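Peer 1: Output the structure for:
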Amino acid sequence: MFLNNEFECIYNHVKNGGFGKKKVVSFDEYDEFRSVLRCPLPSLNYSNVVKLQRVDKNRVLAEKSNGFLRRNQTVKSWENIAYEAALDGDTDTAVVFVKGLNLRPGRESDPSRFSCHFGFGHKNPIFTLSTKALAVAQEVVRCPFPESIEQNLEKGIRVTVGFNRAHKPVLLPSVAKIFRPGPTFSSAEKHDLCVCTMVWNQASAIREWIKYHSWLGVEKWFIYDNNSEDGIEGIVQELNQENHNVTRFLWPWIKTQEAGFSHCALKAKSQCNWISFMDVDEYFYFPYSTPKHQQFRSLGHAPQNSLRDLVANFSRTNIGEIRTSCHSFGPSGLDAPPPQGVTVGYTCRLQSPERHKSIVRPDALDSTLLNVVHHFRLREGFEYLNLPQSAAVINHYKYQVWGVFRAKFYRRVATYVADWRENQNEGSRDRAPGLGTKAIEPSDWSKKFCEVWDTGLRDFVLANFVDFSTNSLPWEKRYD
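Peer 2: Purely as a prediction, here's the structure:
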């Protein structure tokens, strides 16, 4: 393992040809063979093309580091690169994730223009084999995987994507490698219900979210960490020690949520019968069930494992996706984060639901893995189901107290959604109404987004989760 102080970030001056240095911000192990080092943004008049240099104990630049990091190695452009890849063992295909194709969002593209290229070598890989693309959409390209190089998967096979430009093939730069996938599970060994999310600095939120949904029956968690700096690794370790099956997967790629969810769906296929794609401020809630909704769940209040039991009822049908409406909650008159958690503290919401979130069967997804706003395209023969709001809803604690909410202005993880500081799509439902592009707290923020007082989930949590010996909730210690 390397340490942050072993490396420096080098920036070229755009005018005088000089260079400046900054310390590495943070370090992560990406996989068995590769690491991620994060550099600060460049100072004024310095290029944003960053170089890495290793420094020995005497602060002398090293020419070579373990045969892979050389002096003045330049980071590739993020705008034009194959950045990740995975092997789909069920279909013997390679799935490559790329920036720079500039394909239209939400649509499948013509695969005949694209190809995948496989090779060996780290710094200057030689691509010796190629196959034609089978499916292409957004940032995902799927191609047949050459059987002849399967024995090389242990150390990783470099892969990139080619496309035709003016009748000439062009290969994208690549840092993507394909490794042998993990163990497969039989149908009896698979988890009935898993959850996948992508987070940035949400360590304070995931404990309540995981504890609550585990009670509803979630068995496995995939946390795609998009460059968090708030100690989320420690929270994940604690949750695993408490018998929650949580995997943190480092996903350093900026504004790639849709591709990350495609990658997660691919990983989950061998482990999960159903997987929910949702954010850490979204909570399933089951209102009191009446007789007319018995086709979805049992009468009365929701018992433990209700969510897992609900999806299991559709495992032998042609339902490939279950969609649940979202209610957006506001600050509810609060000025500070509620000490008992979001489910108890935020109780006022907008009247009408906004959008929906989905639970999908990974084996029912289209080969493109195309997804938009947390729902996927299904392959032929499968349908989606809209759950009635009287059967289940999602409480989306979207507009929390200002100190929490303003972090959304820094950046957003979705590929095709503008960051809120950008002057684009200001009327979109992806934005907070009336806020514009500056993170300036409105004087009446604590009272905004409040049309209906809704204490249903709060009452449910207090009735089912309180430890009466300590008069506390299982996640409250994280709010001390």
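Peer 1: pLDDT value on the residue most central in space within the chain, please?
Peer 2: The C-alpha lying nearest the average C-alpha coordinate of the chain belongs to Met198 (CA atoms, centre = their mean; 2.5 Å). Among the per-residue scores, Met198 holds a pLDDT of 95.
Peer 1: did I read that right, it in a strand?
Peer 2: Yes: inclusion of Met198 in a strand is indicated when DSSP: H, G, I helix; E, B strand; the rest coil is applied.
Peer 1: Around Tyr384, count how many other residues there are.
Peer 2: Residue neighbour count, defined by other CB atoms under 10 Å, stands at 16 for Tyr384. C-beta coordinates here come from the backbone N, C-alpha and C atoms, glycine included.
Peer 1: got the contact list for it?
Peer 2: By CB atoms under 8 Å, 6 or more residues apart in numbering, the contact list for Tyr384 reads Ile319, Gly320, Glu321, Ile322, Arg323, Ser358, His375, Leu378.
Peer 1: and it, that one's in a strand?
Peer 2: Yes: residue assignment for Tyr384, taken from three-state DSSP, places it within a strand.
Peer 1: for it, which residues make a bridge with it?
Peer 2: Each beta-bridge partner of Tyr384 is listed here, defined by DSSP bridges: Glu321.
Peer 1: try the one 10 residues further on
Peer 2: Using DSSP bridges, the beta-bridge partners of Ile394 come out as Phe284, Cys326.
Peer 1: got a pLDDT number for it?
Peer 2: According to the model, Ile394 scores 97 on pLDDT.
Peer 1: Is it in contact with Thr324, as I believe?
Peer 2: Yes: using CB atoms under 8 Å, Ile394 is in contact with Thr324, at 5.2 Å.
Peer 1: Please enumerate the shared neighbours of those two.
Peer 2: Common contact partners of Ile394 and Thr324 (CB under 8 Å, 6+ apart): Phe284, His356, Lys357.
Peer 1: and the first one, how many neighbours?
Peer 2: In this case it means Phe284. Residues near Phe284, counting by other CB under 10 Å, number 23.
Peer 1: got a list of what it touches?
Peer 2: Contacts here follow CB under 8 Å, 6+ apart; on that basis Phe284 touches His213, Leu216, Leu307, Thr324, Ala392, Val393, Ile394.
Peer 1: of all those, which comes closest to Glu32?
Peer 2: Checking these against Glu32 by CB to CB gives His213 as the nearest, at 30.6 Å.
Peer 1: Distance check, the closest one against Gly20.
Peer 2: 46 Å (CB to CB, to the nearest Å).
Peer 1: Of the two, which one has the most company?
Peer 2: When neighbours are counted by other CB under 10 Å, His213 and Gly20 differ, and His213 comes out ahead with 21 against 15.
Peer 1: ok, residues contacting the helix or strand that one falls within?
Peer 2: His213 is located in helix 203-215, with elements delineated by DSSP states H and E. Outside helix 203-215, the residues within contact range by CB under 8 Å, 6+ apart are 195, 199, 218, 221, 223, 228, 230-232, 234-236, 238-239, 244, 246, 280-281, 283-284, 304, 307, 337, 341-343, 461, 464-465, 473-475, 478-479.
Peer 1: Point out where the stretch 351-480 of the chain drops to low pLDDT.
Peer 2: Segments of the stretch 351-480 of the chain classed as low confidence (criterion: pLDDT under 70) are 409-434, 436-437, 477-480.
Peer 1: all strands for it, in order.
Peer 2: Residue ranges of the strands in the stretch 351-480 of the chain, as given by DSSP state E, counting those that start in this stretch, are 356-360, 371-372, 375-376, 383-386, 393-396, 452-453.
Peer 1: Indicate which one of those strands is closest to Val98.
Peer 2: Go through the strands of the stretch 351-480 of the chain one by one with CB to CB and the one that ends up closest to Val98 is strand 371-372, at 16.1 Å.
Peer 1: Could you check how far Tyr11 is from Ala85?
Peer 2: Applying CB to CB, the value for Tyr11 to Ala85 is 30 Å.
Peer 1: So these two - more neighbours on which side?
Peer 2: In this view Tyr11 and Ala85 are compared by other CB under 10 Å, and Ala85 has more residues nearby, 27 against 22.
Peer 1: Can you name every helix or strand that the helix or strand that the more buried one is a member of contacts?
Peer 2: Secondary structure here is read from DSSP H and E; on that basis Ala85 sits in strand 81-88. With contacts defined as 3 or more CB pairs under 8 Å, 6 or more residues apart in numbering; DSSP states H and E, the packing partners of strand 81-88 are strand 93-99, strand 157-165, strand 177-178, helix 257-268.
Peer 1: shaky segments in this structure?
Peer 2: When residues are selected by pLDDT under 70, those of the chain lie in 1-4, 56-75, 122-123, 292-295, 409-434, 436-437, 477-480.
Peer 1: picking that back up, ok, which of the helices and strands packed on strand 81-88 comes nearest Trp251?
Peer 2: From the helices and strands packed on strand 81-88, taking CB to CB, the stretch that ends up closest is helix 257-268, at 5.1 Å.
Peer 1: Show residues contacting the next helix or strand after the closest one.
Peer 2: Following the chain from helix 257-268 toward its C-terminal end, the next helix or strand by DSSP H and E is strand 272-277. Residues from elsewhere that reach strand 272-277 (CB under 8 Å, 6+ apart): 190-197, 218, 220, 222, 261, 264-265, 268, 311-312, 315, 322, 357-362, 371, 374-375.
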